[in-house]
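[1] Just a sequence and a predicted model for now, questions to come.
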Amino acid sequence: MGDEGTVRVDLWLWSVRLLKTRSMATTACRAGHVRVNDERAKPSTSVKPGDEIRLRHDGRERIVVVQKVIRKRVGAPAAAECLIDKSPPPPPREALIPVGRRERGAGRPTKRERRELERVLDRYRTLNNPPEQD
């Protein structure tokens with residue numbers, strides 16, 4: 001890292017606790033779920049204060065602006081000072097997919113129940129995995 005005011009995007013995402021592990025951050029970058037200033041980011045992409053990072057993770061998009069560059073993982077209060085969160089609010093719990101519950105001992109789902117479940121799951125997949133726009 002030649003410039004002291006920059007750091008790798010995968011390291012920064014892990015340091016500010018947006019992703020649980022550094023390998024998860026690297027995997028997210030390789031999968032195309034991370035964008036820096038609307039450009040698809042490789043794990044080694046450098047970020048500096050003022051850069052906007054978009055991260056798709058856990059079915060929602062996080063939009064953050066880098067305020068401070070850090071290289072070591074810090075506590076949550078210190079991590080909050082390193083970014084400005086511009087993410088839309090998470091969907092309400094009611095909007096999330098209801099988990100299919102069956103009575104204990106009810107046996108296998110009927111063909112009709114299975115089709116309804118597949119219809120709901122297809123709707124969930126299209127909502128949480130929008131097509132990539134390049």
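    Looks like it came in fine. None of these values were measured; they are calculated from a predicted model. Numbering: from 1, shown residues only.

[2] SS state for residue 123?
    helix (DSSP: H, G, I helix; E, B strand; the rest coil).

[3] Can you give me the distance of it to residue 27?
    The gap separating residue 123 from residue 27 is 26 Å, by Cβ to Cβ, to the nearest Å. Every residue, glycine included, has its C-beta placed from N, CA and C.

[4] now residue 121
    For residue 121, the distance to residue 27 (Cβ to Cβ) stands at 24 Å.

[5] Residue 123 and residue 27 - which one has more neighbours?
    Of the pair residue 123 and residue 27, residue 27 is the one with more neighbours under other Cβ atoms under 10 Å, namely 15 against 11.

[6] in the host helix or strand of that one, what counts as buried?
    Following DSSP states H and E, one finds residue 27 within helix 22-30. Going by neighbour count (16 or more other Cβ atoms under 10 Å), the buried part of helix 22-30 is 22, 25, 26, 28, 29.

[7] got the contact list for the first one?
    Counting by Cβ atoms under 8 Å, 6 or more residues apart in numbering, residue 22 makes contact with 10, 11, 14.

[8] What residue spans form the domains of this protein?
    Split into domains by automatic domain parsing, the chain comes to 7-90, 95-126.

[9] Could you check how far the residue in the chain sticking out farthest from the centre is from residue 91?
    Residue farthest from the centre of the chain, counting by Cα atoms, centre = their mean, is residue 105 at 37.2 Å. Residue 105 is 34 Å from residue 91, where distance means Cβ to Cβ.

[10] Pipe the contacts of residue 22 into a markdown table and attach secondary structure, distance to residue 50 and pLDDT per row.
    As requested, the contacts of residue 22 are exported to a markdown table (DSSP: H, G, I helix; E, B strand; the rest coil; distance: Cβ to Cβ, whole Å; pLDDT from 0 to 100):
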| residue | secondary structure | distance to residue 50 | pLDDT |
| --- | --- | --- | --- |
| 10 | helix | 19 | 95 |
| 11 | helix | 18 | 95 |
| 14 | helix | 20 | 96 |
